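*Asks:* Quick one, what's the 3D model for this:
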Amino acid sequence: MAAGIEVREALNRTDLIFIDVRSPGEFSRESIPGAINIPLFTDDQQRRLGIIYKTEGEPAARRAGLNFISPRLPEIVDSVCKAAGDKTPLLYCWRGGTRSLSLFQILGMLKIPALRLKGGYRAYRKYVYQILSCYRIKPEAVVLNGLTGVGKTAIIKQLLLQGYPAIDLEGLAHHRGSVFGAVGFTGRRSQKDFESLLLIELNKFQTSPFLVLEGEGSRIGHLHLPRFLTQAMREGVHVLINAPLFLRAERILQEYLSPGLSAENLSQIKQGLLSLEHRLGKTRTTRLLNLLQEGDYHTVVQELCSSYYDRLYEDAKPEHQEFITIIEANQINQATTKLIKFLNRRYLESYLPQKEDVLT
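*Replies:* Sure thing, here's the model as predicted:
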């Protein structure tokens, strides 16, 4: 009997480790957060098995799969045991079918405890979709607003370090929400992976009195925010973060160019500038490209802020935006401390973060 458990039970247990036996390509496109990929087949083998299945039928595909996997079985079993440690491996493939069943049976013959996820990754995605389709954020959203570079993300990261309820949406998205938003991030986050990670973060704070978020539109880069989240932002309270232009430029440079500007990043920035030519004009775009080539990054950033991003922010801002408080962020630590004091006064003076260390 192939012992299988439902998605909800699997996610609520702490004694399991998710083992994704799909090909590396399938895993990289979408997976269960925290899962470890121990593929039975390479991407090429998976492709070839699909062709054999269509042209020669299922029995031939099964034999070919056996030939592919047999030489690697000891390695695969060792990898599962090493990854699981003192936890029970929970195997899954796309639909909870042949791939996870085959490895489950092999582990069973070796007396290695294991479980299978009923319905595989597809069942997990269905579960996430159903939850998000009727999700409601219980804490009041505290939305940080401000021009590009004022330090909204940095403040959120400081809050998280101290255990306060906050979500770094741009960190989850691997994108900062601008033309240059992907610079410095490794890998492109899929919509499905973003939603999975978002659900985990939201569930952490459902019993909190408030949840701090950075103000976003309906999208971050190519990723769409769920409607309940954008609605919570609209209905929440808004905080304005201010900082002078020269400081904003320094922070943007530190965020985008740390630890350094790679050739790939430089190419991304050039492409981003070219994509803005219709807004910046050819003369200004050419000048910025020349400054970029000369390494005058500070001037490039300042001009982009003043001639493009600041105007974009003002155009997108609601006509009668009200801010419950305004914080000057010349120093991120001090700005975070001011925000914490405001949050404690407004929501609960006795609210204790998960960590006791407080910024000074």
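
*Asks:* Run through this structure and note the low-pLDDT ranges.
*Replies:* Counting by pLDDT under 70, the chain has low-confidence residues at 1-2, 258-261, 319-320, 349-360.

*Asks:* Quickly find the element holding Lys82.
*Replies:* Take DSSP states H and E as the rule and Lys82 turns out to sit in helix 73-84.

*Asks:* what element comes up after that helix heading to the C-terminus?
*Replies:* Scanning the chain past helix 73-84 towards its C-terminal end, the next helix or strand to appear is strand 88-92 (assignment: DSSP H and E).

*Asks:* what is the orientation angle of the very next helix or strand once past that next one with strand 88-92?
*Replies:* Along the chain past strand 88-92, the next helix or strand (assigned with DSSP H and E) turns out to be helix 98-109. An angle of 150 degrees separates the directions of helix 98-109 and strand 88-92 when computed by axes from the mean of the first three to the mean of the last three CA atoms, to 10 degrees.

*Asks:* Helix 98-109 packs against which elements?
*Replies:* For helix 98-109, the packing partners by 3 or more CB pairs under 8 Å, 6 or more residues apart in numbering; DSSP states H and E come out as helix 58-69, helix 73-84, strand 88-92, strand 115-117. The C-beta positions use only the backbone N, C-alpha and C, and glycine is treated the same way.

*Asks:* Now do the buried residues in that helix.
*Replies:* Residues of helix 98-109 classed as buried: 99-104, 106-107 (neighbour count, 16 or more other CB atoms under 10 Å).

*Asks:* got it, and stretch 332-340?
*Replies:* Within stretch 332-340, the residues that count as buried by 16+ other CB under 10 Å are 332, 335-340.

*Asks:* what does stretch 66-86 contact?
*Replies:* 17, 19, 36, 38, 40-41, 45, 49, 89, 102-103, 106-107, 110, 112, 114 (CB atoms under 8 Å, 6 or more residues apart in numbering).

*Asks:* Tell me which two in those are the farthest apart.
*Replies:* Comparing every pair within the contacts of stretch 66-86 by CB to CB identifies Ile17 and Leu49 as the most remote, at 26.2 Å.

*Asks:* what's stretch 182-199 in contact with?
*Replies:* Outside of stretch 182-199, the residues within contact range by CB under 8 Å, 6+ apart are 28-33, 125, 128-129, 131-132, 135, 167, 169, 172-176, 221-224, 226, 229, 255-258, 265, 268-269, 272.

*Asks:* Write the PyMOL selection for whichever of those are buried.
*Replies:* Provided next is the PyMOL selection string for whichever of the contacts of stretch 182-199 are buried by 16+ other CB under 10 Å:
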select buried, resi 30+31+32+125+128+132+135+167+169+172+173+174+175+176+221+223+226+229+256+257+265+268+269+272
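
*Asks:* Inside helices: which ones of the contacts of stretch 182-199?
*Replies:* Residues from the contacts of stretch 182-199 lying in helices, with DSSP state H as the criterion: 28-29, 125, 128-129, 131-132, 169, 172-173, 229, 255-257, 265, 268-269, 272.

*Asks:* Show me the domain layout of the chain.
*Replies:* Taking automatic domain parsing as the domain assignment, the record places the domains of the chain at 4-130, 136-346.

*Asks:* Enumerate residues external to the host helix or strand of Ala232 that contact any of its residues.
*Replies:* Taking DSSP H and E as the criterion, Ala232 maps to helix 227-235. Residues lying outside helix 227-235 but in contact with it, judged by CB under 8 Å, 6+ apart, are 132, 135-137, 141, 143, 198, 213, 215-218.

*Asks:* downstream neighbour of it in the secondary structure list?
*Replies:* Moving toward the C-terminus from helix 227-235, the next helix or strand (DSSP H and E) is strand 237-242.

*Asks:* Could you list the residues in contact with that following strand?
*Replies:* With contacts defined as CB under 8 Å, 6+ apart, strand 237-242 is touched by 140-147, 150-152, 155, 215, 321-329, 335, 339, 342, 346.

*Asks:* From those residues, list the buried ones, please.
*Replies:* Using 16+ other CB under 10 Å as the threshold, 140-147, 150-152, 155, 215, 325, 327, 329, 335, 339, 342 are the buried ones among those.

*Asks:* Go through the residues you listed and flag which are in strands.
*Replies:* Counted as lying in strands by DSSP state E, out of the buried ones among the contacts of strand 237-242, are 140-145, 325, 327.

*Asks:* Please report the distance of Val128 from Gly25.
*Replies:* Note on Val128: its distance to Gly25, by CB to CB, to the nearest Å, is 21 Å.

*Asks:* OK, contacts around the spatially closest residue to Leu16 that is not a sequence neighbour?
*Replies:* With CB to CB, 6 or more residues apart in numbering as the criterion, Leu16 has its nearest non-adjacent residue at 4.4 Å, and that residue is Leu90. The contact partners of Leu90, taken as CB under 8 Å, 6+ apart, are 5, 10, 16-19, 114-117.

*Asks:* TSV for the buried residues of helix 98-109, including distance to His238?
*Replies:* Output for the buried residues of helix 98-109, formatted as TSV (distance: CB to CB, whole Å):
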residue	distance to His238
Arg99	49
Ser100	47
Leu101	52
Ser102	54
Leu103	51
Phe104	51
Ile106	56
Leu107	53
